[in-house]
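> Just need the structure, nothing else, for what follows:
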Amino acid sequence: MKFVVGMGNYAKNDDGIGLRVVEKIVDEGLDEGFEALEAGNDPTRLLACLRDGVERVLIVDCAVMGLDPGEHRVFSLEEVTSKKEIGRGSTHDGDVVKFVELASEMGHAFPKIDFFAIEPESLEMDMSLSETLERKLPEYVRAVIEEIKR
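Residues are numbered from 1 along each chain as shown. I've put the predicted structure just below:
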C-alpha cells in the first residue's frame, strides 16, 4: 500500500496546494495503486499511514525553500529539517517533521516517507491559490502520480 497525503490550509492561499492536489486526484479517479488522503494541518492523520504493509508515503505540501514560486522538489524525510518553533510534545502544531520524530520515539514503524514540496507565491488569508500555482495544478497532479508510482 502507498499513500499520497495532502497537507495544508485552504484558507491561506498556496498553503492549500497539497490539499488541492489530493482533491483533484480523488475527484478525477486518478488514485489507482495508491490511496489519497487529505490531512489538513493535522499531522496525527498520518497515523493511518504508519503501519505494517505500507510501502511509501508521499506528503504533498507547500514549503518555503527559496525557489521561484511554483517550483517543486521531492525530498526524503532524512533530507528535511523543520524550522518551526513549537512545543516538543504537541501533535496539533501542524509540523509534520516534528510529529514523525515524536511518533518514531514512541516506537511506530515507518514506511519510506518523502515530501513533494511546492514553493508558495502567497500565504495570505485567502481561499484561492495564487495564479501561478493554480495554473500549475495539473502539472503537480501528474508529477505526484508519477512520483508515487516509482
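> Would you mind confirming that Asn13 makes contact with Pro120?
Yes: taking contacts as Cβ atoms under 8 Å, Asn13 lies within contact range of Pro120: 6.9 Å. In short, each C-beta sits where N, CA and C put it, glycine included.
> If you count surrounding residues, which of those two has more?
Pro120 (26 against 22; other Cβ atoms under 10 Å).
> Mind listing the shared neighbours of Asn13 and Pro120?
Ser130 (Cβ atoms under 8 Å, 6 or more residues apart in numbering).
> what does the helix or strand hosting Lys136 contact?
Assigned by DSSP states H and E, Lys136 belongs to helix 131-149. Counting by Cβ under 8 Å, 6+ apart, helix 131-149 makes contact with 2, 4, 14, 17, 20-21, 24-25, 28, 30, 33-34, 56, 58, 60, 69-70, 72, 74, 114, 116, 118, 120-121, 128-129, all of which sit outside it.
> got a list of what Asp15 touches?
Contact analysis of Asp15 by Cβ under 8 Å, 6+ apart lists 8-9, 62, 120, 123.
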